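Q: Turn this into a model:
(one chain, ligands or ions: 1)
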Amino acid sequence: MNLQTYPDREMMMLSLADKIAGQLGEFLRRDGKATLSVPGGTTPGPVFDTLSGVDLDWANVAVVLNDERWVPESSDRSNTRLVRERLIRGRAAQARLIPLYAPADAPEEMLEALSDGVRPHLPISVLLLGMGTDMHTASLFPGADKLDEALSPQAPILMALRAEAAGEPRITLTAPVLQAAYNIHILITGAEKRAAVERAASLPPKDAPVRAVLDNATVHWAE
Ligand SMILES: O=C1O[C@H](COP(=O)(O)O)[C@@H](O)[C@H](O)[C@H]1O
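A: Next comes the predicted model:
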């Protein structure tokens, strides 16, 4: 694990947004397109705020969430809502948001259609992940019903998972999709998450799912 620490959160968010923009720019110059995968939750908003103001060829950037809670966009638990409100606006308004949610009672009903939408945008150029204090990343939760399958090299692009700690049913990119990303960043704040990520480094992915990507990731941390 490559751990990068910052004097404060503001500096970390600005610096990480700058790094991500630079990496997206390299893909855009070389391939004419790029895929950015981002987390939801409470941490990444300030990175999105800065990124949305960066001058990039956003029309050729596909944005894919790492995971989604199975709730409509009207819910304040919706990761899609966060991304629309904080990232896909300003200069980034032209970016293409690839859906991880569609109205249906259960994620299983939409897995195939949503996977078909994601497939053309793989592999991910720049992957930004969050992490919970329980060492889950994306919606790969310890103890989730289908965690073993989602961690397997044969896992499909997307899976539906359920876990007690997750609240709603989840839909998530699986481990092989995350591992195939060209650039991997994990964004965490606070002492509890720092201790958790250090603990994860010596645990197997079934106990600490973030471990599935840790060896090739840069972990960005500020108090
Ligand atoms: O439920 C989720 O949690 C993680 C971590 O969220 P945070 O609020 O602790 O930053 C997030 O990365 C993931 O995308 C989200 O669905």
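Q: how much distance is there from the longest helix along the chain to the middle of the chain?
A: Assignment by DSSP state H gives helix 9-31 as the longest helix of the chain. Mean C-alpha position of helix 9-31 versus that of the full chain (C-alpha atoms, centre = their mean, to the nearest Å) differs by 15 Å.
Q: Who are the packing partners of whichever helix or strand comes after it?
A: Moving toward the C-terminus from helix 9-31, the next helix or strand (DSSP states H and E) is strand 34-38. Applying 3 or more C-beta pairs under 8 Å, 6 or more residues apart in numbering; DSSP states H and E, one finds that strand 34-38 contacts helix 9-31, strand 61-65, strand 126-129. Heads up, the C-betas are built off the backbone N, CA and C, glycines and all.
Q: near the ligand, anything from strand 34-38?
A: No - on the criterion C-beta under 6 Å from any ligand atom, strand 34-38 is out of touch with the ligand, staying 8.1 Å away.
Q: how about the residues of this protein near the ligand?
A: Counting by C-beta under 6 Å from any ligand atom, the chain sits next to the ligand at P39, G40, G41, T42, T43, N66, D67, R69, N79, G130, G132, S139.
Q: With respect to N2, which of the residues you listed is nearest?
A: Minimum distance to N2 across the residues of the chain next to the ligand is 17.1 Å, recorded for G130 (C-beta to C-beta).
Q: And for the residue nearest to the closest one when sequence neighbours are not counted, the neighbour number?
A: What sits nearest to G130 in space, not counting adjacent residues and going by C-beta to C-beta, 6 or more residues apart in numbering, is P39, at 3.7 Å. By other C-beta atoms under 10 Å, 24 other residues sit near P39.
Q: show me the contacts for the closest residue to T174 other than its chain neighbours.
A: The shortest distance from T174 to any non-neighbouring residue, by C-beta to C-beta, 6+ apart, is to A155 (3.6 Å). Counting by C-beta atoms under 8 Å, 6 or more residues apart in numbering, A155 touches E149, T174, A175, P176, V177.
Q: So what's the residue count around the fourth one?
A: Residues lying near P176 (other C-beta under 10 Å) number 16.
Q: Same check on the second one?
A: Each residue near T174 was counted by other C-beta under 10 Å, and the total is 24.
Q: can you map out the helices along this protein?
A: Going by DSSP H, the chain shows helices at 9-31, 45-51, 79-86, 111-118, 147-151, 175-179, 191-200, 211-214.
Q: Turn the buried ones among the residues of the chain next to the ligand into a named PyMOL selection, would you?
A: Of these, the buried ones go into a single PyMOL selection, burial set by 16 or more other C-beta atoms under 10 Å:
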select buried, resi 39+40+41+43+66+67+69+79+130+132+139
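Q: In JSON lines: the residues of the chain next to the ligand, plus pLDDT and distance to R30.
A: Shown next, in JSON lines, are those (pLDDT from 0 to 100; distance: C-beta to C-beta, whole Å):
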{"residue": "P39", "pLDDT": "99", "distance to R30": "25"}
{"residue": "G40", "pLDDT": "98", "distance to R30": "29"}
{"residue": "G41", "pLDDT": "97", "distance to R30": "31"}
{"residue": "T42", "pLDDT": "98", "distance to R30": "34"}
{"residue": "T43", "pLDDT": "98", "distance to R30": "30"}
{"residue": "N66", "pLDDT": "99", "distance to R30": "24"}
{"residue": "D67", "pLDDT": "98", "distance to R30": "28"}
{"residue": "R69", "pLDDT": "98", "distance to R30": "34"}
{"residue": "N79", "pLDDT": "98", "distance to R30": "29"}
{"residue": "G130", "pLDDT": "98", "distance to R30": "28"}
{"residue": "G132", "pLDDT": "98", "distance to R30": "34"}
{"residue": "S139", "pLDDT": "98", "distance to R30": "31"}
